[in-house]
Structures are given as C-alpha cells and as structure tokens.
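Asks: 3D model of this:
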Amino acid sequence: MNFNQPCQRPPRPPMAIPPAYADLGKSARDIFNKGFGFGLVKLDVKTKSTSGVEFATSGSSNTDTGKVNGSLETKYKWAEYGVTFTEKWNTDNTLGTEMAIEDQIAKGLKLTFDTTFSPNTGKKSGKIKSAYKRECINLGCDVDFDFAGPAIHGSVVLGYEGWLAGYQMTFDSAKSKLTRNNFSVGYKTGDFQLHTNVNDGSEFGGSIYQKVSENLETAINLNWVSGTNSTRFGIAAKYQLDPTASISTKVNNSSLIGIGYTQSLRPGVKLTLSALVDGKNINAGGHKLGLGLELEA
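Replies: Here you go, the predicted structure:
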C-alpha cells in the first residue's frame, strides 16, 4: 500500500433537478384530485398513428347542467430536432397551436410558442414560454401578449439535498405593478414530501404527502386566508388493491366525503367510478356521482 498517494473521495451523485413552481406539492394534489370525477360522465380516447401523430379526444357531460364539453388535440414530435407541434380545438370553438423546442439551443432549455384564436369572436392571443432546468435550479418565464401591454410571469425553484425554495411573480406592464407574489418552501425525499406556500401575503397553505407502503399513499392539505376565521382542511388516501385496481378516498372539514374506484378492465381500458357525499346532509340529497372511461391504443 502506498501511503503517499492522496486520498480520493468517491464522486458525489449528481443533484436532482427541482420541479417547476407549479409542480411543488403535486404529489399531494394528485391524491386529492386523481381518481375522482364528481358530477361528470367523461370519455377520454388516446390513439397514435403509424406516422407518429398522437390524437387525444375528450368529452364530458355535466350531470347537473347537462352541458357537454369536448376537445381534440393532435401532437407530432420531431424527436431528432427536439420539436413538438400541437394543435387543439374545443367545443367553445377555440383553436390553439403550439410549437415547442427542447434541448436544442441549450441543454435543459425549452421554448414554447403558443397561440389561440376564436373564429366566433375574432379574439386572438399569443404567449411565449421559456423554461430552463439544471441541477439545483428550475427557472420559468412566460410572456402573455396583449394589446394593452404584455404580462410577464416568472418563477424560480432552488433545490439542495431535498430542500426546495421557490418564488413566483406576475408583472402587469399595463398597470406597472406586481399582480402575483408567491413564495414556497418544501422538503422532498423518496416517500415523504412537505410543502408550504404563501400567496400574495394573504393566503397560507401547506400539504404533506407520504407513501406509507408499497400500496398505500396518503396526503393532507391545509389552507387559510388572512382576515377570515375559516380554515380548509382535508385528508386523502389511495390504496392499490391489486395491479389493476385502486380505491381513493378523501374528506374535508366541511364533511364532504369523496370515494373513487379505478379498474383497468384490460390493457388500454380504464374505468373510474366516483361519488361525493355531503356528510352533514346525508338524507337531504344533492350527492354527486361520476363515471369516467379512458381508452388508449
């Protein structure tokens, strides 16, 4: 053994890329939102052509109002150039076109050009989005173009050894003022996530996500608005019954109880049943049911 050789430390693993600001606390939100569709009958169909064009069609009917909504989206990825073209249409007769370029100008940089047009009203809108993500940092800057003056949306998230800190703002150039001013702090490990946020200095929120076991995930959220005496509080859980079926439940401090059941009937066919029960007025009615069917080929 040569004691004159300098001691070499093993290389440190690369730092993880933090999520975008909008994705902070997403794991907890997914437990509360996914697997439920109260008051809706919904059908989603996804297909892909032999040429690589992806089609996504969605339709839903509101059981309370009877209103029907639908949308169609086509997407084509030019992988060798990092370019994605997307075209959208919905039943409000709004047309949208989006072009995204990723990892071409610089590693981790994504530029998106987004336009919408409504033939009925003649209204047009445009947006340029930019996102840059590397180890320990995730930046975002979007510009909404308006005749009165563009609005600039900016965000940054910093991450270090599981800790996350983020800031989000919106500057309205027409009014020359900040219209959104949000802060967020969190901690993330493999099976546990903690997220807190302050929006515009008046709305305070927090969430906890924990993967208790291989089959059980739980989440808690809390929200309070300054100047009010009411606090919103909720608990949710998702349990994987088997590889093809799962059940989701949630309840809040208003005694609204949600239950959802998801079953993969066969590869590419997924059925979701859900119900929302008002625990304070069980005999009064007004409860909501939901049905969702997803097809993918």
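Asks: beyond the host helix or strand of residue 275, next helix or strand please.
Replies: Assigned by DSSP states H and E, residue 275 falls within strand 269-278. Elements were assigned by DSSP H and E; along the chain past strand 269-278, the next helix or strand is strand 288-296.
Asks: how far off centre is that following strand?
Replies: Relative to the centre of its chain, strand 288-296 is centred 19 Å away, using CA atoms, centre = their mean, to the nearest Å.
Asks: what residues of that strand count as buried?
Replies: Residues of strand 288-296 classed as buried: 288, 290, 292, 294 (neighbour count, 16 or more other CB atoms under 10 Å). Every residue, glycine included, has its C-beta placed from N, CA and C.
Asks: could the residues you listed go into JSON lines alongside pLDDT and distance to residue 134?
Replies: Listed next are those as JSON lines, based on pLDDT from 0 to 100; distance: CB to CB, whole Å:
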{"residue": "288", "pLDDT": "94", "distance to residue 134": "44"}
{"residue": "290", "pLDDT": "96", "distance to residue 134": "41"}
{"residue": "292", "pLDDT": "97", "distance to residue 134": "38"}
{"residue": "294", "pLDDT": "97", "distance to residue 134": "34"}
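Asks: which of these lies closest to residue 191?
Replies: Nearest to residue 191 out of the buried residues of strand 288-296 is residue 294 (CB to CB; 27.1 Å).
Asks: roughly how far apart are the closest residue to that closest one other than its chain neighbours and residue 23?
Replies: By the measure of CB to CB, 6 or more residues apart in numbering, the closest residue to residue 294 outside its immediate chain neighbours is residue 270, 4.2 Å from it. Noted for residue 270: a distance of 23 Å to residue 23, by CB to CB, to the nearest Å.
Asks: one more: residue 223?
Replies: According to CB to CB, residue 223 and residue 23 sit 18 Å apart.
Asks: so between the two, which is more surrounded?
Replies: Per other CB atoms under 10 Å, whichever of residue 223 and residue 23 has more neighbours is residue 223, with 16 against 13.
Asks: and residue 127, what's its pLDDT?
Replies: We note a pLDDT of 94 for residue 127 in this prediction.
Asks: so who does it touch?
Replies: Contacts of residue 127 were listed using CB atoms under 8 Å, 6 or more residues apart in numbering, and they are 112-115, 142-145.
Asks: buried subset of those, written for PyMOL?
Replies: Filtering the contacts of residue 127 down to the buried ones (16+ other CB under 10 Å) takes a single PyMOL command:
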select buried, resi 112+114+142+143+144
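Asks: counting only strands, which of the contacts of residue 127 make the cut?
Replies: 112-115, 142-145 (DSSP state E).
Asks: hmm, residue 268 is touching residue 295, no?
Replies: Yes - here residue 268 reaches residue 295: they are 6.4 Å apart, a contact under CB atoms under 8 Å.
Asks: hang on, the earlier thing: neighbours around the residue nearest to residue 294, how many?
Replies: With other CB under 10 Å as criterion, residue 270 counts 17.
Asks: isn't it right next to residue 293, touching?
Replies: Yes - shown here, residue 270 and residue 293 form a contact pair, counting by CB under 8 Å, at 7.3 Å.
Asks: distance of residue 194 relative to residue 219?
Replies: Residue 194 sits 11 Å away from residue 219, going by CB to CB.
Asks: who's more crowded, the two?
Replies: Taking other CB under 10 Å, residue 194 and residue 219 do not tie; residue 219 has more neighbours (22 against 19).
Asks: which residues does that one contact?
Replies: Contacts of residue 219 (CB under 8 Å, 6+ apart): 27-29, 31-32, 207-210, 235-237.
Asks: could you tell me which strands sit next to the helix or strand harbouring it in the sheet, and their orientation?
Replies: Secondary structure from DSSP H and E places residue 219 in strand 216-225. Partner strands and pairing direction for strand 216-225 (DSSP bridges) are strand 203-211 (antiparallel), strand 231-242 (antiparallel).
Asks: ok, residue 17 - how many residues close by?
Replies: 15.
Asks: ranges for the helices of the protein?
Replies: Along the chain, the stretches classed as helices by DSSP state H are 26-33.
Asks: shaky segments in it?
Replies: 1-15 (pLDDT under 70).
Asks: same thing but 80
Replies: 1-15, 146-148, 284-286 (pLDDT under 80).
Asks: let me know the closest of the contacts of residue 127 to residue 174.
Replies: Of all the contacts of residue 127, residue 174 sits closest to residue 144, with 10.8 Å by CB to CB.
Asks: quick one: that closest one from residue 126, how far?
Replies: Plainly put, residue 144 is 8 Å away from residue 126 if you go by CB to CB.
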